[in-house]
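Trainee: Kindly return the folded structure for what I paste below:
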Amino acid sequence: MKLTLRQETFPIAGRFTIARGSKTEARVLYAELEDQGHVGRGESVPYARYGESIEQSLAEIEAVRDRIEAGLNFSDLHDLLPAGAARNAIDCALWDLNARITGIPAWRTAGLKRLDPLKTAYTLSLDTPEAMGAQAAANARRPLLKLKIGGPDDLDRIEAVRANAPKARLIVDGNEGLSFDDLRRTAPDMKTLDVRLIEQPLKVSEDEQLLGYDCPVPVCADESLHTRTELDRCARLYSFVNIKLDKTGGLTEALALKAAAIEAGLGIMVGCMVATSLSMAPAMIVAQGADFVDLDGPLLLARDREHGLEITGSILHPATPALWG
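Mentor: Alright, predicted model coming up:
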């Protein structure tokens, strides 16, 4: 088996801002596995919040290159690399390679009877209330909008979005930018504004404050949940979990985490980093039947990868074999 790795950069349409900062480009890690004349591909986004970088993730994989090129299965990979972006790129490449060698689509190997189109959220970047209202007006026909918040004018932001997109369902994403007092103060008004979900309002180090708190809007774990290791803890604090392949370390763990979360009675959101359609294609398998789908990465880019997903409005259509799986 031959392994090819590289960094790739895709420009973002404008600027993408959350509570932790802004960026104008998406830097992704691209992995390619070639075997028996077939090529499988995977993509991931190392995330600084989790202590990751492109350089560090490349180094992680290079350290075990010989073991990968000698041939390995999904269980071997799980033991070889920790959860995170490095393992995600290789895991998804293995899934793609397996589909090409066997002729069996990845979604069928995952146990699905079919792979349906999905309706994704569309993210409104953190900005002034006026600017976010304008973003909402430009996307008012989308069925699900996700607002980035994290400042003193948060309610004004939500009100501006609601006024300009009165029919859209709303998700609010704090990216750990709120205090518990902020959450208790604003959550009733968010309920009045018909916000359907609040994503990771508190820092991971502070979210134990959610224990016993009956929030009027369901609260979803994102940064607090990576793999099944954190699931029991999150089940005590949250009613929803956001599953991302870059956190789980690939499709393999993401599917196992989803099954365990459903068994624990948690609602499911499937999310993404800002990345190309190659990252979204495997995530679409996990997102089948999810309560909330947030796989809008390609919609936020100025340019997607060749053979990217067909996207109609907010509808993501399953990948063709030219892309993945």
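Trainee: Now for the residue lying closest to Arg141 once chain neighbours are set aside, how many residues are close by?
Mentor: The shortest distance from Arg141 to any non-neighbouring residue, by C-beta to C-beta, 6 or more residues apart in numbering, is to Gly313 (7.1 Å). In short, each C-beta sits where N, CA and C put it, glycine included. Using other C-beta atoms under 10 Å, the number of residues around Gly313 comes to 13.
Trainee: Show the model's pLDDT score for Gly313.
Mentor: Note on Gly313: pLDDT of 96.
Trainee: quick one: it and Arg142 touch, right?
Mentor: Yes. Counting by C-beta atoms under 8 Å, Arg142 is a contact partner of Gly313 at 6.9 Å.
Trainee: mind showing which ranges of the protein have poor pLDDT?
Mentor: Applying pLDDT under 70 to the chain flags the ranges 19-20.
Trainee: can you point me to the longest helix in it?
Mentor: helix 85-102 (DSSP state H).
Trainee: Pull that helix out as PDB, backbone CA atoms only.
Mentor: Output of helix 85-102 as PDB, limited to C-alpha atoms (Å, rounded to 0.1, in the frame of the first residue of the first chain):
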ATOM      1  CA  ALA A  85      -7.500  14.900  12.500                       C
ATOM      2  CA  ALA A  86      -4.500  12.700  11.600                       C
ATOM      3  CA  ARG A  87      -6.500   9.400  12.100                       C
ATOM      4  CA  ASN A  88      -9.500  10.800  10.400                       C
ATOM      5  CA  ALA A  89      -7.700  11.400   7.100                       C
ATOM      6  CA  ILE A  90      -6.400   7.900   7.100                       C
ATOM      7  CA  ASP A  91      -9.600   6.200   8.300                       C
ATOM      8  CA  CYS A  92     -11.700   7.900   5.600                       C
ATOM      9  CA  ALA A  93      -9.100   7.000   3.000                       C
ATOM     10  CA  LEU A  94      -9.300   3.400   4.100                       C
ATOM     11  CA  TRP A  95     -13.100   3.400   3.800                       C
ATOM     12  CA  ASP A  96     -12.800   4.900   0.300                       C
ATOM     13  CA  LEU A  97     -10.200   2.400  -0.700                       C
ATOM     14  CA  ASN A  98     -12.200  -0.500   0.600                       C
ATOM     15  CA  ALA A  99     -15.200   0.600  -1.500                       C
ATOM     16  CA  ARG A 100     -13.100   0.800  -4.600                       C
ATOM     17  CA  ILE A 101     -11.500  -2.600  -4.100                       C
ATOM     18  CA  THR A 102     -14.700  -4.500  -3.100                       C
END
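Trainee: How far does that helix sit from its chain's centre?
Mentor: Mean-position distance between helix 85-102 and its chain equals 18 Å (C-alpha atoms, centre = their mean, to the nearest Å).
Trainee: Great, nothing more from me.
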